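In: below is the sequence, then the predicted model.
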Amino acid sequence: MGIDFDKARWDYVKETSNAWWKGELDRPLIQMRLYGRDAGRSKPALPEKSFTSFYSLETPAELIVDLWDYNLATTQFLADAFPCVWPNFGAGIAAAFLGADLKNNEHTTWFIPPKIQEIKEITFKYDAENIWLNRIKDIYRTANELWQGNVQLSMTDLGGNLDILSAFRPSEGLLFDLYDHPEHVKRLTWEAHHLWFKFYDEFNELLVPLNPGYSAWAPIFSEKPYYMLQCDFSYMISPKMFDEFVKPELEAACKKLVNPFYHLDGPGQLVHLDSLLEIKELKGIQWVPGDGQPGITEWPEVYKKIKNAGKLIQVFGGQSDLGYRALDVLSEQLGDAKGIVMIAEASIDELDEVRSFIKKYKIEDNLI
């Protein structure tokens, strides 16, 4: 049976996404993926792994892509959803491109410096032979060859500015550097910035000829360059330090991307929200309350501030006990759901309930 998506659906996704980015869509984007569809073939033998980096380097890219193809074939895409895959090599894989060792454990991927150096001794350089850079390129080439543009290949998680640097100055090292060696923090931030965009551009040179558009680990679709920017390190610094060490590079990144978003992770980052909203080129905010915090429907003041600043909002159904129905609560709290993209999933057994939910948001009948 294969992947249930065609050119007409892609044309629709592009049309509605373009309108949403421009603030011209009078409804939210709703990406609903239902799992459990009959793929029409047997499941590949390769085991499922949550991180692509968990597969050994000897695992052929063809086997990984074939498993992704099977999983996409078991998915029904409703409303604004589209088929996409994301090579997950851990948050901040750019650190590995710059020489950090990639380490896997049972649950995640870490980046460890090959040796601990003083910050003044560190410099970032491009390595065309880097094993992880070329592993991802190989996977992208293989996926493009199979799907020929019918599946959106999302950008791997390159990481945030100081997050990448913190991999080389672990524990409290980088925090002390902000006080003791601010000039070297800024130097390395800009070295990482220029190399980040070199990696981004190199991957897109492989992707853009066939890829429908741009996406990232947060699968918002954009026909123009998009990325979910972040700086989780900012959880530990003051607004004054954020404005000095994070914001200038972030503003520069926003100017290079057409549709930049920011991953606002945890209550400790809320002190930076006002500063983020001042960035004219920043299109939207993804607010993640974090583990142990109330779900997304319990933060109306955060979403009101984002919406009132003229920014877009991205949420996941899994961020609330209500699932995708959290969108109804957000809509009531904000007055409407315009400018929100809800990314959610459900079992195909819930098809009738999901269709009833989607109908409320003026989405074409043939897409539900």
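Out: Yep, that arrived.

In: mind listing the helices for the stretch 1-150 of the chain?
Out: Ranges of helices in the stretch 1-150 of the chain, per DSSP state H, counting those that start in this stretch, are 7-21, 61-73, 94-97, 131-147.

In: quick check: which of the ones you listed is buried the most?
Out: Here the criterion is mean neighbour count by mean count of other CB atoms under 10 Å, and of the helices of the stretch 1-150 of the chain the winner is helix 94-97, at a mean of 27. The way it works is simple: take the backbone N, C-alpha and C, and place the C-beta from them, glycine included.

In: secondary structure class of Y262, three-state.
Out: Secondary structure assignment for Y262 (DSSP: H, G, I helix; E, B strand; the rest coil): strand.

In: can you get me a residue count around the residue nearest to Q31 when sequence neighbours are not counted?
Out: Nearest non-adjacent residue to Q31, counting by CB to CB, 6 or more residues apart in numbering: A81, 4.1 Å away. For A81, the count of nearby residues is 24 (other CB atoms under 10 Å).

In: same check on N88?
Out: Residues near N88, counting by other CB under 10 Å: 18.

In: ok, now how distant is it from I343?
Out: 16 Å (CB to CB, to the nearest Å).

In: just the element for L229, please.
Out: Using DSSP states H and E, L229 sits within strand 226-230.

In: name the helices or strands packed onto that strand?
Out: Packing contacts for strand 226-230, counted by 3 or more CB pairs under 8 Å, 6 or more residues apart in numbering; DSSP states H and E, involve helix 247-256, strand 259-265.

In: strands paired with it, and their directions?
Out: Using DSSP bridges, strand 226-230 pairs in its sheet with strand 259-265 (parallel).

In: list the contacts of the strand it pairs with.
Out: For strand 259-265, the surrounding residues in contact (CB atoms under 8 Å, 6 or more residues apart in numbering) are 21, 160, 214, 218, 220, 222, 224-230, 232, 235, 250, 253-254, 270, 272-273, 276, 281-288, 290, 312, 314.

In: next, the angle from it to helix 7-21.
Out: Strand 259-265 runs at 70 degrees relative to helix 7-21, counting by axes from the mean of the first three to the mean of the last three CA atoms, to 10 degrees.

In: show me where this structure dips below the pLDDT cut-off.
Out: 1, 365-368 (pLDDT under 70).

In: strands of that one, start to end?
Out: 29-35, 75-79, 84-85, 101-104, 109-112, 152-153, 226-230, 259-265, 284-288, 312-316, 340-347 (DSSP state E).

In: of the ones you listed, which is nearest T59?
Out: strand 101-104 (13.0 Å; CB to CB).

In: sheet-wise, list the partners of the closest one with their directions.
Out: Partners of strand 101-104 in its sheet, by DSSP bridges: strand 109-112 (antiparallel).

In: what distance separates stretch 148-155 from the centre of its chain?
Out: 14 Å (CA atoms, centre = their mean, to the nearest Å).

In: same thing with stretch 240-249?
Out: With CA atoms, centre = their mean, you get 22 Å for stretch 240-249.

In: same question, stretch 320-334
Out: Distance, centroid of stretch 320-334 to centroid of chain: 21 Å (CA atoms, centre = their mean).

In: circling back to that earlier point, out of the helices and strands packed on strand 226-230, which is the most enclosed?
Out: strand 259-265 (a mean of 23).

In: what angle do it and strand 284-288 make?
Out: Using the same axes, to 10 degrees: strand 259-265 against strand 284-288 is 20 degrees.

In: make residue 1 into 22 and carry on from there
Out: That works, and once the first residue is 22, the last one we named lands at strand 280-286.

In: and the gap between Q354 and E322?
Out: As defined by CB to CB, Q354 lies at a distance of 9 Å from E322.

In: neighbour count winner among those two?
Out: Taking other CB under 10 Å, Q354 and E322 do not tie; Q354 has more neighbours (15 against 10).

In: check contacts around the more buried one.
Out: Contact analysis of Q354 by CB under 8 Å, 6+ apart lists T318, P321, Y324, K325.

In: which one of the residues you listed is nearest V375?
Out: T318 (18.9 Å).

In: not counting residues beside it along the chain, what's closest to the closest one?
Out: V350 (4.3 Å).

In: so what's the one you found up against?
Out: Per CB under 8 Å, 6+ apart, neighbours of V350: T318, S341, L343.

In: buried residues in the longest helix along the chain?
Out: Using DSSP state H to define each element, the chain has its longest helix at helix 203-228. With burial defined by 16 or more other CB atoms under 10 Å, the residues of helix 203-228 counted as buried are 205-206, 208-210, 212-214, 216-218, 220-221, 224-225, 227-228.

In: what's the answer for stretch 61-76, then?
Out: For stretch 61-76, by 16+ other CB under 10 Å, it's L67, T73, S74, F75, Y76.

In: list the contacts for the last one?
Out: Counting by CB under 8 Å, 6+ apart, Y76 touches L67, K70, I85.
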